[in-house]
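J.: take a look and give me a structure for this.
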Amino acid sequence: MLNVLQNLDWMKLVDMLLSVIPVLICITVHECCHGLCALWLGDDTAKRAGRLSLNPIKHFDVIGFIMLVTVGFGWAKPVPIDMRRFKNPRQGMALTALAGPASNIVLAIVMLFIFGLLFVPLQANTVGYYVLVSIMRTATLSISLAVFNIIPISPLDGSKVLFSFLPDEWYYKLMRYERYGMLVLVLLTMTDVLSKPLGFLTQNVYDKLMVFAQWGMDITAHFIT
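T.: Next comes the predicted model:
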């Protein structure tokens, strides 16, 4: 019985370790795309803060990282944005917010396609299996990050999109209370309130995007045969 428990613990540890690199890739792409979108729209705050970087440490948030590795939903350290630099501040903020989740969907599509291309040649050996697991984990975590961030609770991206449709008075009031949203978010996540709806949405997006993995497999099958 003890041996079984030890094996289960080891499997959990390996599973978490296989999530570390995918998580770092997902949060780095997410935050870099926020900063790039802001730069294209006229705000260079993220660039001046050194956040247009592929160094994951620049975007690392301890709690968000742990949540992503352990439960599949989490966040990175927000990129600094100065909406006053946008020609249309509210529209610019909404577009910058959407850039993060959108980039994660694109990343997931690329990873699923690569998974499909490599599935047949790599599935037969141990190293190849772990490469495939890492690629698929990157895709699934990227989808999870995109879905999680569309929740309209500050400071997640969905809140900035929602706020952009509100009257000016409400918009600026809600933005002042943005910092309290993180506490609400942590409580909701810790109490498991969000797990079922987020899991449902993530699974549906994943199922729709699996067509790209199939395309990759079809291409590989064409060249092999």
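
J.: drop to CA atoms for contacts and neighbour counts, all remaining ones
T.: OK.

J.: all strands for this structure, in order.
T.: Under the criterion DSSP state E, the chain carries no strands.

J.: so where is it shaky, pLDDT-wise?
T.: 1-15, 71-72, 171-182, 225 (pLDDT under 70).

J.: which stretches of it form helices?
T.: With helices called from DSSP state H, the chain shows them at 2-40, 45-48, 62-71, 89-122, 126-149, 157-163, 168-176, 178-190, 195-224.

J.: who touches the shortest one?
T.: Yep, that's helix 45-48 we're talking about. Residues from elsewhere that reach helix 45-48 (Cα atoms under 8 Å, 6 or more residues apart in numbering): 35, 38, 39, 52, 79, 80, 81, 82.

J.: CA atoms only for that helix, dumped as CSV, please.
T.: Only the C-alpha atoms of helix 45-48 are listed here, as CSV (Å, rounded to 0.1, in the frame of the first residue of the first chain):
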residue,chain,number,x,y,z
THR,A,45,4.8,52.0,-20.8
ALA,A,46,5.3,48.3,-21.0
LYS,A,47,8.3,48.7,-23.3
ARG,A,48,10.0,51.2,-20.9
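
J.: which parts of that helix are buried?
T.: Across helix 45-48, burial judged by 16 or more other Cα atoms under 10 Å covers 45, 46, 47.

J.: residue 141 contacts residue 24, doesn't it?
T.: No: with contact defined as Cα atoms under 8 Å, residue 141 does not reach residue 24; the gap is 10.1 Å.
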